[in-house]
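Q: Attaching a predicted model along with its sequence, questions to come.
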Amino acid sequence: MHKVLRSLALVLTISGAASTAAQAATVVTMGAAALSAGSLPIVVAEQKGLFEAEGITINQLDFKGGGPAVQALAGGSLDLCICAADHAVRLEARGLGGRILIALADHHSYAVMTLASNSKVTDLVSLKGQKIGITSAGSLTDNTLRYAIKEAGLDPDKDFQIIGIGLGGAMRAALQSGAIAAGLFTTPAIELNQSETGKYKIVDDFRKMPYPAQDLVVTESWLKKNPETARAVARAVLKALQLIQSDKAVLRAAVVKMFPKFTPQLVDTVTDSVAAGYLSKDGKMTEASYELLTKVMQIADPSLKKAPYKDVVALQYLPK
């Protein structure tokens, strides 16, 4: 009888401890601006139990572009946003304290694509007078396209019609229907389009541009209220980035998780594309990358006030 009671007491103790641990987990609401390769480190952190080890549960919400995602962040509906660093700069310029907790990507992720049958379209200039699709106004796609158009000596507002379409599926449908002449796609939508041999072509490829295309963006007010949670998130994501760098199989498993309908061949293509240097190795945005970011943004919007690097990039929350 005493053995039974001791066993029951042990079970209750273990159960109680598990329940307390579950209750102690901090729920962090994270929004993703797009279903893109920038989210892969987050997937790895979840698959490998890195968030769980830090006592964190992630509640992820998906958005149709950076614009609506950062609105939710600024409004307090999100704690963190998987967004382009552009949004942290804009939030800071508006007095809302935009901060970059940790860099997810070191390079741009978008390319302008059109139908292969559009033989007259060979570059961005050849699209003059036509409609080009972006994800949403004020997004990375919007800023980058306006920058590229101005670099080509043209006016984005007078020489083109820039239209907010949404993400890959909606962009593809708009392109196929003729609603737009070209659209901006990101990995893995680029690779998915290219898998349909002879149907799409790249007009302008930004992926070789060293650019902080995807980061975990937060607000200063959230950081001040949740410094230890911020450090825990940064630790988990940095470990995920390091795992990705050391083991390609880890990255491939995350691609499979994110895109379960992809064929094995397409999974391999996306994995190779991402492994080629897209993701950050240490979670730190460099000052040179920040300078390019602000240059792109100010060319697209000359009225934008540039904030100092140290005011926007919150390196103090990364592990030493």
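A: Right, received. Where do you want to start?

Q: for the stretch 201-320 of the chain, what spans make up the strands?
A: Under the criterion DSSP state E, counting those that start in this stretch, strands of the stretch 201-320 of the chain are mapped to 215-219.

Q: Now do the helices in it.
A: Counting by DSSP state H, counting those that start in this stretch, the segments of the stretch 201-320 of the chain that form helices are 220-225, 227-246, 248-258, 264-275, 287-300, 309-312.

Q: Of all these, which one is nearest residue 42?
A: Residue 42 lies closest to helix 227-246 among the helices of the stretch 201-320 of the chain, at 6.9 Å (CB to CB). Just so you know, the C-beta spots here come from the backbone N, C-alpha and C atoms, and that holds for glycine as well.

Q: mind listing what's buried in that closest one?
A: Of all the residues in helix 227-246, those buried under the rule 16 or more other CB atoms under 10 Å are 229-244.

Q: Listing request: residues of the protein with sub-threshold pLDDT.
A: For the chain, residues meeting the criterion pLDDT under 70 lie at 1-23.

Q: Could you chop it up by domain?
A: Taking automatic domain parsing as the domain assignment, the ranges for the chain are 2-107+212-317, 110-205.

Q: Kindly list the main-chain dihedrals of residue 116?
A: With angles defined as degrees, to the nearest 10, residue 116 sits at phi -60, psi -30.

Q: Which residues are in contact with it?
A: Going by CB atoms under 8 Å, 6 or more residues apart in numbering, residue 116 touches 198-201.

Q: Please name the nearest non-neighbouring residue to it.
A: residue 201 (4.7 Å; CB to CB, 6 or more residues apart in numbering).

Q: Please, where are all the helices along the stretch 1-150 of the chain?
A: In the stretch 1-150 of the chain, the segments counted as helices under DSSP H, counting those that start in this stretch are 2-24, 40-47, 50-53, 66-75, 86-93, 140-151.

Q: May I have the beta-bridge partners of the residue nearest to residue 116?
A: Taking DSSP bridges as the rule, residue 201 bridges to residue 114.

Q: Surely it is in contact with residue 114?
A: Yes. Counting by CB atoms under 8 Å, residue 201 touches residue 114, with 6.2 Å between them.

Q: more neighbours, the two?
A: Neighbour comparison, residue 201 and residue 114: the larger count goes to residue 114, with 23 against 19 (by other CB atoms under 10 Å).

Q: What residues does that one make contact with?
A: Counting by CB under 8 Å, 6+ apart, residue 114 has contacts 121, 127, 175, 181-183, 200-201, 203.

Q: If you rank the residues you listed by neighbours, which is first?
A: Compared across those, residue 183 has the highest neighbour count, 32 neighbours, by other CB under 10 Å.

Q: With adjacent residues omitted, what lies nearest to that residue?
A: residue 133 (3.5 Å).

Q: Could you report the neighbour count for the one you found?
A: Here the count is done by other CB under 10 Å, and residue 133 has 26 residues near it.

Q: ok, now residue 67?
A: 22.

Q: Among the helices of the stretch 201-320 of the chain, show me which one is buried the most.
A: With neighbours defined as mean count of other CB atoms under 10 Å, these peak in mean count at helix 227-246, which reaches a mean of 20.

Q: Which neighbouring elements make contact with that one?
A: strand 26-32, helix 40-47, helix 50-53, strand 56-62, strand 98-103, strand 215-219, helix 248-258 (3 or more CB pairs under 8 Å, 6 or more residues apart in numbering; DSSP states H and E).

Q: Would you mind writing the CA trace of that helix as PDB?
A: The C-alpha coordinates for helix 227-246 follow below in PDB (Å, rounded to 0.1, in the frame of the first residue of the first chain):
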ATOM      1  CA  PRO A 227      14.200  42.100 -22.400                       C
ATOM      2  CA  GLU A 228      14.700  38.500 -21.300                       C
ATOM      3  CA  THR A 229      12.200  37.200 -23.800                       C
ATOM      4  CA  ALA A 230      14.000  39.100 -26.500                       C
ATOM      5  CA  ARG A 231      17.300  37.600 -25.500                       C
ATOM      6  CA  ALA A 232      15.700  34.100 -25.400                       C
ATOM      7  CA  VAL A 233      14.300  34.500 -28.900                       C
ATOM      8  CA  ALA A 234      17.600  35.800 -30.200                       C
ATOM      9  CA  ARG A 235      19.500  32.800 -28.600                       C
ATOM     10  CA  ALA A 236      17.100  30.300 -30.200                       C
ATOM     11  CA  VAL A 237      17.200  31.800 -33.600                       C
ATOM     12  CA  LEU A 238      21.000  32.200 -33.600                       C
ATOM     13  CA  LYS A 239      21.400  28.500 -32.700                       C
ATOM     14  CA  ALA A 240      19.000  27.700 -35.600                       C
ATOM     15  CA  LEU A 241      21.100  29.800 -38.000                       C
ATOM     16  CA  GLN A 242      24.300  28.000 -36.800                       C
ATOM     17  CA  LEU A 243      22.600  24.600 -37.300                       C
ATOM     18  CA  ILE A 244      21.700  25.500 -40.800                       C
ATOM     19  CA  GLN A 245      25.200  26.500 -41.600                       C
ATOM     20  CA  SER A 246      26.700  23.300 -40.200                       C
END
